[in-house]
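> Sequence first, then the predicted structure:
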Amino acid sequence: MSVETIGGVDVELNEEGFLLDPSQWNEAMAVELAKREGIEAMNDQQWKVVRFMRAEYEAKGAGPSVRVLGKTSGVTIKELYLLFPKGPAKLAAKIAGIPKPRGCI
């Protein structure tokens with residue numbers, strides 16, 4: 001674990017860079033976390049996915065898998081891989097400030 005300042009807030013991250021306390025997340029953090037992952041500017045589709053991930057986490061206590069994400073977010077699996085090339089569910093979850101979804105490597 002490490003403590004870093006992201007989006008103006010001191011947060012604890014696990015060894016993979018996921019926030020330990022999702023309630024600390026804000027959209028400024030998302031922008032900074034995206035940049036750390038090579039996404040210089042978040043587009044509308046990426047925001048749609050990140051906000052969907054947060055809503056699913058808040059409703060169900062876990063983020064969706066990439067398969068569920070592709071079926072229910074309004075963004076196809078093919079588009080997800082273009083938007084988040086390093087693994088859509090894992091990367092979107094990290095940017096959304098939620099834990100890594102089950103099944104993600």
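Here it is on my side, so go on. Because the structure is predicted, anything quoted here is derived from the model rather than measured. Residues are numbered from 1 along each chain as shown.

> Please count neighbours and contacts with C-alpha atoms only from this point.
OK.

> Show the residue spans covered by the strands in the chain.
2-6, 9-13 (DSSP state E).

> Can you add mean neighbour count and mean pLDDT and give these back as TSV?
Shown next, in TSV, are the strands of the chain (neighbours: other Cα atoms under 10 Å; pLDDT from 0 to 100):
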stretch	mean neighbour count	mean pLDDT
strand 2-6	13	92
strand 9-13	15	94
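
> Throw these into a markdown table and include distance to residue 48, thanks.
Formatted as a markdown table, those follow (distance: least, Cα to Cα, whole Å):
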| stretch | distance to residue 48 |
| --- | --- |
| strand 2-6 | 21 |
| strand 9-13 | 23 |
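
> who wins for proximity to residue 46 among the ones you listed?
In terms of Cα to Cα, the element of these nearest to residue 46 is strand 2-6, at 19.0 Å.

> Each with direction, which strands does that closest one pair with?
strand 9-13 (antiparallel) (DSSP bridges).

> before we move on, the earlier item: can you say which of the strands of the chain is nearest to residue 51?
strand 2-6 (18.1 Å).

> Pull the distance from that closest one to the chain's centre.
17 Å (Cα atoms, centre = their mean, to the nearest Å).

> can you check stretch 30-47 too?
9 Å.

> average model confidence for it?
For stretch 30-47, mean pLDDT rounds to 95.

> Same question for stretch 88-105.
Average pLDDT, stretch 88-105: 86.

> How about stretch 14-25?
Stretch 14-25 comes out at a mean pLDDT of 94.

> buried stuff in it?
Neighbour counts over stretch 14-25 (16 or more other Cα atoms under 10 Å) mark 17, 18, 19, 20, 22, 25 as buried.

> The protein: helices as residue ranges?
Taking DSSP state H, the helices of the chain run over residues 27-36, 44-60, 66-72, 77-83, 88-96.

> would you turn the ones you listed into TSV with mean neighbour count and distance to residue 2?
Shown next, in TSV, are these (neighbours: other Cα atoms under 10 Å; distance: least, Cα to Cα, whole Å):
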stretch	mean neighbour count	distance to residue 2
helix 27-36	17	15
helix 44-60	18	23
helix 66-72	16	27
helix 77-83	16	28
helix 88-96	27	15
